[in-house]
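*Asks:* Sequence below, structure please.
(5 chains, ligands or ions: 4)
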Amino acid sequence: MTRLVNRHPDRPTRLLLAMLPFALLIAAYAIGSDMRLAENPNDKLLPSFTALGDAITRMAFTPDKRTGDYLLWVDTVASLTRIAGGVAIATVFGLLVGVSVGLLPYARATLGGFLSAVAMIPPLAILPILFILFGLGELSKFVLVFAGIGPFIARDIAMRVAELPTEQIVKAQTLGASTWQICTRVVLPQMWPRLMDSVRLSLGAAWLFLIAAEAVASQDGLGYRIFLVRRYLAMDVILPYVAWITLLAFSFDWLLRVLQARLFPWFAPEGASR
Amino acid sequence: MTRLVNRHPDRPTRLLLAMLPFALLIAAYAIGSDMRLAENPNDKLLPSFTALGDAITRMAFTPDKRTGDYLLWVDTVASLTRIAGGVAIATVFGLLVGVSVGLLPYARATLGGFLSAVAMIPPLAILPILFILFGLGELSKFVLVFAGIGPFIARDIAMRVAELPTEQIVKAQTLGASTWQICTRVVLPQMWPRLMDSVRLSLGAAWLFLIAAEAVASQDGLGYRIFLVRRYLAMDVILPYVAWITLLAFSFDWLLRVLQARLFPWFAPEGASR
Amino acid sequence: AAPSAQAAEKTSFKLAWSIYVGWMPWGWAADNGIVDKWADKYGIDIEVVQFNDYIESINQYTAGAFDGVTATQMDTLGIPSVGGVDSTALLIGDFSNGNDALILKDGDSVEDVLGRDVHLVELSVSHYLLARALATLGKSERDVTVVNTSDADMIAAYQTDDVTAVVTWNPLVAEILSMPNATKVFDSSDIPGEIIDLTVVNSETLADNPAFGKALAGTWYETMGIMMSDTEAGRAARAAMGKASGTDLAGYDMQIASTKMFFDPAEAAAFGASEDLKTTMESVRTFLFDHGLLGDGAPSADVVGIEFADGTVMGDESNVNLRFTTRYMDMAADGAL
Amino acid sequence: MSRVEVRNLWKEYGDQVVLERISMDVAPHSFVSLVGPSGCGKSTFLRMLLSQETPTRGTILVDGQPLANEPQPDRGVVFQKYSVFPHLTAVENVALGLEFERAPVTGRLFGRARRAALDEAGALLEGVGLAAARGKYPAQLSGGMQQRLAIAQALARKPRILLLDEPFGALDPGIRADIHDLMLSVWWDTRMTVFMVSHDLREAFYLGTRVVAFDRPTEKDAARFGARITFDIALDPAAPIKERLREAEHGTATDDLGEELAAMAAQADRDDPAPAPSTRRDDPAPRDGETA
Amino acid sequence: MSRVEVRNLWKEYGDQVVLERISMDVAPHSFVSLVGPSGCGKSTFLRMLLSQETPTRGTILVDGQPLANEPQPDRGVVFQKYSVFPHLTAVENVALGLEFERAPVTGRLFGRARRAALDEAGALLEGVGLAAARGKYPAQLSGGMQQRLAIAQALARKPRILLLDEPFGALDPGIRADIHDLMLSVWWDTRMTVFMVSHDLREAFYLGTRVVAFDRPTEKDAARFGARITFDIALDPAAPIKERLREAEHGTATDDLGEELAAMAAQADRDDPAPAPSTRRDDPAPRDGETA
Ligand SMILES: Nc1ncnc2c1ncn2[C@@H]1O[C@H](COP(=O)(O)OP(=O)(O)OP(=O)(O)O)[C@@H](O)[C@H]1O
Ligand SMILES: Nc1ncnc2c1ncn2[C@@H]1O[C@H](COP(=O)(O)OP(=O)(O)OP(=O)(O)O)[C@@H](O)[C@H]1O
Ligand SMILES: [Mg+2]
Ligand SMILES: [Mg+2]
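*Replies:* Ligands and ions are numbered 1, 2, ... in the order given. Below is the predicted model of the structure:
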């Protein structure tokens, strides 16, 4: 019998298997929902699929009476703008600081410990200070997303830089590279694909912080809507919104993975062929 | 002139540099606080160091009037218990699932996509469902911490397993290892130190989720206290609590780093000597 | 940013409001140009900023980022006033008349709460309501266990078996009461006039810029006039407010029904000048003092002075940080705006 | 001790043909030396013998049976890139195979069984000259020491087929001669079939009972044509000659060795129409005794 | 083209003494072959010459000046483990050094300057037989191909001192001979000083103008005693002989070469009291023409 490590499912099996856990989740939901609705037809916690469908139609495909907007799309655009901004700042910061800390002993001595400490501060606990410093507008939302994932990305990249074989850095020096040239030609280019992994890993946290920011002060956005309807336990709206967020984040994750494979053909984990 | 990559600060300089950003932060705080207090002596946002000291004395060294407890310690014990529980479950889960997904093609086909999707779900948005499933007690707090960092650890470990050179897995098979033996003797032992890194990276998020969980329904815990006094903008209590959380998390981070170096002498990143 | 909001003469102002039945008019007034209209009249700018998180709006006001905020009288005393921000209750919008309630599973009187875990937002008006409810029995908080539970999670919490008693506010009360096995045993209509929803402004700013107060009062009562009317415009306004708070016209009307809205400025002014208010404030400040919320070194409930419309001061006269005034409501009543 | 038959094997990576039309029939207890220019596909060929990669076309039979579709302990390997386990000390690395065999469930031996396995492993380490590095982790060993460790590890399970990819490249002549000895005696004792890639032709001829060379027909158009077998010399399947060679090596008649090898090659020449290069053996290795 | 003086060098890792009392005086334009058992500290010695590690005791002078305390382009290196850059194609790897030199700020050339650099790099690749693999990433190259790439990369900056750690170990004899040629002609043209670690004594003697052996006095107590220089033979600092050797290689008189080498070694023997092993050169490499 072939060992499990060596058994590769074929394409259709793979597809089937990939859908299996999702199917199970949906089935579990359906059963739970049916049971609760049988008990209390007005139960709001696990609405039926019809109710979910209605809510989706209402939010996504019916113009709002007041403004004429399609709420889901307005919320999506608002949230995506914010998360893109926050993640972009965090990425740039994480790359710059991570490479410095990973490569330069002086930067490591100065920022290494500080970064580890800062990464542990729960940003939600010091919200009042953040809002005073950055106002209540879009900036504070970027900042919260940034504060949530920036230190993580920086630490992750610093670890990845430290994993580069010393031989490479020495080799570059024998080829005449200055510190700056080592950064730009040897270290940074090798960090791009790793940065993508890092961003992928932090995407979940980024959404979390965005939702938290939108729950405090804003007038649109996916997090705002979830917060707003939460006090009515409108799970028929919340669940599609959560699914939508998950889908968006997952698509972005997938996009990053595809881009990584396309743009950096030289970057394949050692065991990728397995 | 020596390149920056090759310049290593000596011990005293290193210590000085490490303290520099902390000193700057404290100085910035002191200036901000002074400015605000000059305007309004009762300002609550950035209390003076004396006020912070008073609050610390009150919370940590004076028994509470009502209960006779030393609040800071009660809160700390409660929170540490919860976070330890949540992180422990997440670690075990992350290791098992991560190793399976990284090593076994069937597990990867089944769970790879699902895990990426689940990692993107913002747990705070589906709290109501979590409550119904796990109640409001301690269990739900473990679950929230677990839901927050479990998928992250699993994905991280799966990536690390995939990075093991294929040669190692093949080599083990030529030595007669079964899939189970490959797991237990080749892959798992090499994942321990990486797991520690992974836990270190997710510690910040773990605290975040703990605090969020304690905001929901509890009577003690660091997050409970922060949310409680946030109602009165008692930054004189919040700031020491945040600093304390940061210190606890940072110490744990440091402990893990030391343990990693002690327990796994064979594990040093390629560029560690830099 | 902080100190400038409290600087002397200026022309632009910021008001923070949060989503709650009695404060929805601010959002609607801003959306429909009423705020701008009145601001223009007095030659100033007013920015009205919506908060989803009530506490954060008060915190931001207390920290100086805003000139005015919507808050209950209890939170105004406990947060900005204790925090040294001298605040004036410019407008008395309503008092809770059933909006806040103690709800039990398997129980039909206040006695049944004894010995239970009571889930509520600690140190909020819910907490105060519970204290008052227990006081009617001659009992105290020692006879129950208070469990802090965030308002956002209250409904979900109630659905679990762990939770058998909650104190909360609308729209959460209505949602919970719509569930099977939920009985309201005590609500704010049992203590009428004790939970008051205000529009509060920084006293210094107001003193230096009466125009700010006038513009706010003008806006508020024009809006009141529209929304109270039983016309198409009034229904449309209420429907929009309901929508903005996440429900619809019927839901919003139901919330208003349990709120004593002061649509008429004269009525509001009369309430603000009444002696009952002093009794209420005495009870509220005692509650706050008992829970350590008047400052840590506070020797008694007197540390923060409260000035009433008639000029009398309760507590420390040299540290008056909460002021009730009927001046602007009177002006509205007199049509002097 | 297995017969290996390779039938019309092709291997392509995408568009690039790496190997084409490789056929050979290897008798049990052969020692096949594989030579050829770098990049011609020798490692790829070994990977297919190992079932690590599947041929694009063609089949491999072992004792008449198609190759198992995954690596098995019947085929040991020493990779070109070091493939010892970084988390185990030298002696643990060698003992690992024994533990896999003797503790199917836990994969880990305890108490006396463990001591016995470690002793066996220690003996093997001694054989490759690593007795002193017994407790060191691979990262603390030099390149050549890691390679020797990999050899000891592969020998521990006594595979019936052993695949070696430039196993002696990083070794100094003194150690190399010792390990040649070890290799030959293990090969002789266990009667296993060995495939060894080497760039050192003297080594290939000295150790091998058969030397197979891979090469591309043209350097141009390298992608379209794969490497083929360009010569295949059966040196002498009868083992005793090897034995004599080995004995001779231990003796002092070092200078005669070259002639012996030449003779051997010449005989191979007669057996096989392919033109074999003339070969002599001389080992200028400074032994410790001579130089210290 | 630099004089290198090594004065009483020691290197310890924690308790373990790796090298002790290493002294040598290397004339400009020498080609020093370093030999010795695996694990004796040859790579460590090169790392110190490179300023990658600092000696525990002792000094190294280059042209009378203490060694710069960090790697510099005056000292090129080919590491034992492949050290090419995985994110650059073969030709980009070689051109990188030129880009560092010519674009100090951006580290990147554009337009004509870039094409010129790539052309230079292409020529070097051709020299090591990698013209066809120009656009491939290192992961797509075989072990030997990567090693050749590293050689081309190190030569691109024309260092004054070149440090080679088993550079030819993974090469087949045909390619190896070509690269020996290349090496010697570059060495001769640029007059650089070369230190080469090799386990192939014939190679060491063929290429080197001087052969230095490291070894430990005793195998016991390996940790307490470091390796020392056990013999140090100046073969012939006058380069023309090398040139002749090279010419001879290209000719057909292959059989005479062995004698030449032996004579050379014999002369070295007379110059130096240390007993040098007798050495002959013969290359049984099957050239394409002979075997295809
Ligand atoms: N994954 C791959 N993708 C594309 N080409 C590959 C891959 N692996 C190997 N090759 C190509 O296959 C050819 C053979 O590689 P292989 O490693 O088998 O050579 P080799 O004969 O072992 O060389 P060396 O003696 O240098 O180790 C090389 O030209 C290499 O570029
Ligand atoms: N970082 C280290 N820590 C401890 N010991 C080390 C370290 N690096 C090398 N050594 C030891 O130093 C000695 C010399 O190692 P080095 O790599 O220089 O050997 P070498 O002569 O190059 O061997 P080879 O020919 O096998 O490459 C070895 O015994 C090795 O175990
Ligand atoms: Mg190979
Ligand atoms: Mg070495």
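
*Asks:* Residue ranges in the stretch 1-150 of chain A under the pLDDT threshold?
*Replies:* A:1, A:66 (pLDDT under 70).

*Asks:* got the phi/psi numbers for residue C:182?
*Replies:* Torsion angles at residue C:182 (phi, psi; degrees, to the nearest 10) stand at phi -130, psi 120.

*Asks:* Quick check, pLDDT for it.
*Replies:* The model reports residue C:182 with a pLDDT of 91.

*Asks:* OK, contacts around it?
*Replies:* C:103, C:104, C:105, C:158, C:176 (Cβ atoms under 8 Å, 6 or more residues apart in numbering or on different chains). In this view, the C-beta of every residue, glycine as well, is placed from N, C-alpha and C.

*Asks:* does the third one really touch residue C:164, like I thought?
*Replies:* Yes. A contact is recorded between residue C:105 and residue C:164 when judged using Cβ atoms under 8 Å, the distance being 4.4 Å.

*Asks:* with the contacts of residue C:182 in mind, which one is nearest to ligand 2?
*Replies:* Nearest to ligand 2 among the contacts of residue C:182 is residue C:158, at 62.7 Å by Cβ to the nearest ligand atom.

*Asks:* Got phi/psi on that closest one?
*Replies:* Taking degrees, to the nearest 10 as the convention, residue C:158 sits at phi -60, psi -30.

*Asks:* For my notes, confirm residue A:182 occurs in a helix.
*Replies:* Yes. Using DSSP: H, G, I helix; E, B strand; the rest coil, the assignment for residue A:182 is a helix.

*Asks:* Isn't residue D:34 up against residue D:196?
*Replies:* Yes. The criterion here is Cβ under 8 Å, and residue D:34 meets it with residue D:196 at 6.7 Å.

*Asks:* what do the two both touch?
*Replies:* Joint contacts of residue D:34 and residue D:196 (Cβ under 8 Å, 6+ apart) are residue D:204.

*Asks:* check the contacts of residue C:182 against ligand 3, which are close?
*Replies:* By Cβ under 5 Å from the ion, no member of the contacts of residue C:182 lies near ligand 3.

*Asks:* Including secondary structure, could these go into a markdown table?
*Replies:* Converted to a markdown table, these look like this (three-state DSSP):
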| residue | secondary structure |
| --- | --- |
| C:103 | strand |
| C:104 | strand |
| C:105 | coil |
| C:158 | helix |
| C:176 | helix |
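
*Asks:* Tell me the one of those residues nearest chain E?
*Replies:* residue C:158 (56.8 Å; Cβ to the nearest Cβ).

*Asks:* Identify the residues contacting the residue nearest to that closest one when sequence neighbours are not counted.
*Replies:* Of all residues not flanking residue C:158 in the chain, residue C:176 sits nearest, at 5.2 Å (Cβ to Cβ, 6 or more residues apart in numbering or on different chains). Each residue near residue C:176 by Cβ under 8 Å, 6+ apart is listed here: C:103, C:154, C:155, C:158, C:166, C:168, C:182.

*Asks:* Also residue A:10?
*Replies:* No residues are in contact with residue A:10 under the rule Cβ under 8 Å, 6+ apart.

*Asks:* roughly how far apart are it and residue D:66?
*Replies:* 20 Å (Cβ to Cβ, to the nearest Å).

*Asks:* would you list every one of the helices in the chain?
*Replies:* Unless you meant another one, I'm taking chain A. A:11-39, A:49-56, A:71-103, A:105-120, A:127-134, A:138-163, A:166-174, A:179-181, A:188-216, A:222-230, A:235-263 (DSSP state H).

*Asks:* that's the wrong chain, I meant chain D
*Replies:* Using DSSP H, helices in chain D cover D:42-49, D:90-102, D:111-127, D:143-156, D:173-190, D:201-207, D:240-250, D:254-271, D:288-291.

*Asks:* Give me the number of neighbouring residues for the residue in the stretch 51-200 of chain A positioned nearest to ligand 2.
*Replies:* Nearest to ligand 2, among the residues of the stretch 51-200 of chain A, is residue A:166, at 10.7 Å (Cβ to the nearest ligand atom). Close neighbours of residue A:166, defined as other Cβ atoms under 10 Å in any protein chain shown, add up to 18.

*Asks:* Residue D:109 versus residue D:122, what's the distance?
*Replies:* Distance from residue D:122 to residue D:109, by Cβ to Cβ: 14 Å.

*Asks:* what's the distance between the residue nearest to residue A:37 when sequence neighbours are not counted and residue E:69?
*Replies:* Once flanking residues are discounted, residue A:37 sits nearest to residue A:43: 5.5 Å by Cβ to Cβ, 6+ apart. Remark: distance between residue A:43 and residue E:69 (Cβ to Cβ) = 74 Å.
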